[in-house]
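S.K.: okay, structure incoming, though there's no sequence with it:
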């Protein structure tokens, strides 16, 4: 029983006592008056009239005491004839009233205080880091604001647990991901010590690994900014210009492995977004397609306005992705069942997804109908 | 090149495996690298290699699964590359019969030293310490053949487990400290919080039978180490 319970209890009980007392006083005064009148009348007229019938407790509860909480001893029974002068305290009804109001105050206070106590325990547990705590069941069949509060709490802990788990996983993945370039760095240093003749080669490797770690950290920062809801300055982005740029870069990059880039451009609208982030998102998707394309393959980019949205589809002829992993390729550090595609960290598509979501767009991946290949589609509102 | 120095590197990081291979070749080993678990298992079971270096984090078949498949058919020494701080992988690996582990990232020098230690003790321990069979109760240790029998039946031990048991057998009736076991059987000083020796001994206990009174023949001696009971 906490303080709140006792506060409720005392408050309700005192209120009831006051009510009972007040009503009793009223009745007593009325009775006094009636008796005074009766005496006066008797003094004027000769023979005394029939005495007032004794009050019937059971039949006529006074108004205001009809509830179950207080069948109160709200009036004085008419004193027996021999004691009619000088009214006396009706002990038994008063005692009953006291007990009943005590019980009802206790019950009410408990009814309010119990769910609050439950909530407090749950908050305590959550504060100590236990996000598995739920109160829904403890509320029983209650349907009121307190039960709603409990449900809201459950929703909150559920969401928090998912977020915290996500962050934990990300941290774990990041430390694992940092390990590969570090391991290569150490191997390169070992080689440099062992074979000073190949120092230049080893230094180039060390430089490359350093650059990779730098890139990884940069991508992580972008991702965490996007997750924090920082999506940069919005401007009207000319999609035609943006895509020409990306396609040109992709053609240059693909040329080394004879990967062709087909660009089918439709009507190019302007889109309100952060140009740099949108550029990076689409570039990531195209790069990903290039990376998984076989030598001499083709990456196909289709883009254009459709109704009131802008649609972009990038397809490759790579190995595709298992159907049950299609949604997962947008999570950070996801690697398909195969080997790492080389160079990438598995953050590109995760960044793309968040950029697209930031401008209320949609992104999805599917396998090509005919044979191999992955298609990544973006829809952006114009 | 000396076939006893043939090393199989299994790591999905092509570049890293290439560099380690270069380094080890320069150090006088005959190193070969393969880049996924399946090829690793196939090569390891070919019998061409004196030792296998196995990365735990690999796509498709993890190092742990590869180790399980290798141990199902062979007792070739296996050195695991485990992520630092990932104690679960380490313990599971040792339980599955890995001979030792090196945390990754590691300096290639450290890897080479660890490989030498394992190779030295698997190839020379029996010769240098004398080959007479050691008989302790139902246990029969045959150092020349690197074999162990319990009540006449052969026991299948990995080479690290054999080394540990041989040391305990040579000191039967006396406790041997964990740091001595580590120095002599693993060829390296005992690291703080290192549970390798305990894990290895626990799997030896499982493989050997019990004494007549139901106790294990290897007893933990509080704060002193382990002791093989002489009967």
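M.R.: Happy to help now that I have it. Given the structure is predicted, the values throughout are model-derived calculations rather than measurements.
S.K.: only C-alpha atoms for contact and neighbour calcs from this point on.
M.R.: Fine.
S.K.: what helix or strand is the closest residue to residue A:361 other than its chain neighbours on?
M.R.: Ranked by C-alpha to C-alpha, 6 or more residues apart in numbering or on different chains and with sequence neighbours excluded, the top spatial neighbour of residue A:361 is residue A:380, at 4.4 Å. Residue A:380 is located in strand A:374-381, with elements delineated by DSSP states H and E.
S.K.: could you do residue A:109 as well?
M.R.: helix A:91-127.
S.K.: any idea of the mean pLDDT for that helix?
M.R.: Helix A:91-127 carries an average pLDDT of 86.
S.K.: show me what it is packed against.
M.R.: Contact partners of helix A:91-127 among helices and strands, from 3 or more C-alpha pairs under 8 Å, 6 or more residues apart in numbering or on different chains; DSSP states H and E: helix A:3-44, helix A:145-194.
S.K.: sorry, back to before: quickly run through the sheet partners of the strand holding residue A:380, with directions.
M.R.: Here strand A:374-381 is paired, per DSSP bridges, with strand A:309-315 (antiparallel), strand A:362-367 (antiparallel).
S.K.: not counting that strand itself, show me its contacts.
M.R.: The contact list for strand A:374-381 (C-alpha atoms under 8 Å, 6 or more residues apart in numbering or on different chains) reads A:271, A:285, A:289, A:308-321, A:356, A:359-368.
S.K.: how about a cut-off of 6 Å?
M.R.: Residues from elsewhere that reach strand A:374-381, judged by C-alpha atoms under 6 Å, 6 or more residues apart in numbering or on different chains: A:309-316, A:320, A:361-368.
S.K.: average pLDDT across it?
M.R.: 92.
S.K.: from the middle of its chain, how far away would it be?
M.R.: Remark: strand A:374-381 is offset 28 Å from the chain centroid, using C-alpha atoms, centre = their mean, to the nearest Å.
S.K.: wait, what's in contact with the residue of chain A found nearest chain B?
M.R.: Nearest residue of chain A to chain B, counting by C-alpha to the nearest C-alpha: residue A:183, 4.2 Å away. By C-alpha under 6 Å, 6+ apart, the contact set of residue A:183 is residue B:105.
S.K.: tell me the confidence at it?
M.R.: Confidence at residue A:183, expressed as pLDDT, is 89.
S.K.: in chain A, where is pLDDT below threshold?
M.R.: A:1, A:46-89, A:335-345, A:370-371 (pLDDT under 70).
S.K.: tell me who's in contact with residue A:331.
M.R.: If you count contacts by C-alpha under 6 Å, 6+ apart, residue A:331 has them with residue A:350.
S.K.: 8 Å instead?
M.R.: A:347, A:349-350.
S.K.: where neighbours are concerned, which of the residues you listed has the most?
M.R.: residue A:349 (26 neighbours; other C-alpha atoms under 10 Å in any protein chain shown).
S.K.: that residue contacts residue A:330, correct?
M.R.: Yes. Counting by C-alpha atoms under 8 Å, residue A:349 touches residue A:330, with 5.2 Å between them.
S.K.: overlap in contacts of the two?
M.R.: Counting by C-alpha under 8 Å, 6+ apart, nothing touches both residue A:349 and residue A:330.
S.K.: who's the nearest residue to residue B:98 once chain neighbours are set aside bridged to?
M.R.: Nearest residue to residue B:98, sequence neighbours excluded (C-alpha to C-alpha, 6+ apart): residue B:78, at 5.1 Å. Residue B:78 has these beta-bridge partners by DSSP bridges: residue B:52.
S.K.: can you list phi and psi of residue A:271 for me?
M.R.: Here is the backbone geometry of residue A:271 (degrees, to the nearest 10): phi -130, psi 140.
S.K.: how much space separates it from residue B:25?
M.R.: 57 Å (C-alpha to C-alpha, to the nearest Å).
S.K.: got it, and residue A:7?
M.R.: Counting by C-alpha to C-alpha, the separation of residue A:7 from residue B:25 is 82 Å.
S.K.: and the helix or strand hosting residue B:135, how far out from the chain middle?
M.R.: According to DSSP H and E, residue B:135 maps onto strand B:134-136. Remark: strand B:134-136 is offset 22 Å from the chain centroid, using C-alpha atoms, centre = their mean.
S.K.: report the distance from whichever helix or strand comes after that strand to the chain centre.
M.R.: Once strand B:134-136 ends, the next helix or strand along the chain (criterion: DSSP H and E) is strand B:139-142. Chain-centre distance of strand B:139-142: 19 Å, with C-alpha atoms, centre = their mean.
S.K.: direction included, what does the next helix-or-strand element following strand B:139-142 pair against?
M.R.: Moving toward the C-terminus from strand B:139-142, the next helix or strand (DSSP H and E) is strand B:147-150. Strand B:147-150 sits in its sheet next to strand B:139-142 (antiparallel), strand B:153-155 (antiparallel), going by DSSP bridges.
S.K.: what's the mean pLDDT across the last one?
M.R.: Strand B:153-155 shows an average pLDDT of 88 in the prediction.
S.K.: contacts for that strand next, please.
M.R.: B:147-149, B:207-208.
S.K.: who's in contact with the residue of chain B found nearest chain A?
M.R.: Closest approach between chain B and chain A, counting by C-alpha to the nearest C-alpha: residue B:105, at 4.2 Å. Shown in contact with residue B:105 (C-alpha under 8 Å, 6+ apart): A:179-180, A:182-184, A:186, B:83-84.
S.K.: hang on, the earlier thing: who has more neighbours, residue A:271 and residue B:25?
M.R.: Relative neighbour count places residue A:271 above the other of residue A:271 and residue B:25, with 20 against 16, counting by other C-alpha under 10 Å.
S.K.: so the more buried one makes contact with residue A:238?
M.R.: Yes. Residue A:271 is within contact range of residue A:238, at 6.7 Å (criterion: C-alpha under 8 Å).
S.K.: ok, back up a step: ok, and the most crowded of the contacts of residue B:105?
M.R.: In the contacts of residue B:105, the most neighbours by other C-alpha under 10 Å go to residue A:184, 27 neighbours.
S.K.: all strands for chain B, in order.
M.R.: B:6-10, B:30-34, B:51-55, B:78-83, B:100-104, B:134-136, B:139-142, B:147-150, B:153-155, B:175-176, B:218-221, B:225-228 (DSSP state E).
S.K.: residues from chain B in reach of chain A?
M.R.: Contact residues, chain B versus chain A (C-alpha under 8 Å from any C-alpha of the partner chain): B:12-13, B:15-16, B:19-20, B:22-23, B:26, B:59-60, B:83, B:104-109.
S.K.: outline the domain layout of the chain.
M.R.: Picking chain A for this. For chain A, the structural domains run A:3-128, A:145-227, A:235-335+A:345-381, going by automatic domain parsing.
S.K.: other chain: chain B
M.R.: Domain assignment for chain B by automatic domain parsing gives B:3-125, B:129-228.
S.K.: if you compare these, which one is most tucked away?
M.R.: With neighbours taken as mean count of other C-alpha atoms under 10 Å in any protein chain shown, these reach their highest mean count in domain B:3-125, at a mean of 20.
S.K.: now do the contacts for the residue nearest to residue B:163 when sequence neighbours are not counted.
M.R.: Leaving aside its sequence neighbours, residue B:163 sits nearest to residue B:185 (C-alpha to C-alpha, 6+ apart; 5.3 Å). Going by C-alpha under 8 Å, 6+ apart, residue B:185 touches B:121, B:160, B:163-164, B:167.
S.K.: of those residues, the lowest pLDDT goes to which?
M.R.: Within the contacts of residue B:185, pLDDT reaches its minimum at residue B:121, with 77.
S.K.: three-state assignment of the closest residue to residue A:170 other than its chain neighbours?
M.R.: Spatially, and ignoring its direct neighbours in sequence, residue A:170 is nearest to residue A:332 (7.2 Å; C-alpha to C-alpha, 6+ apart). Classification of residue A:332 by DSSP: H, G, I helix; E, B strand; the rest coil places it in coil.
S.K.: quick one: neighbours of residue A:332, just the number.
M.R.: 21.
S.K.: same check on residue A:164?
M.R.: Neighbours around residue A:164, by other C-alpha under 10 Å: 13.
S.K.: much appreciated, bye for now.
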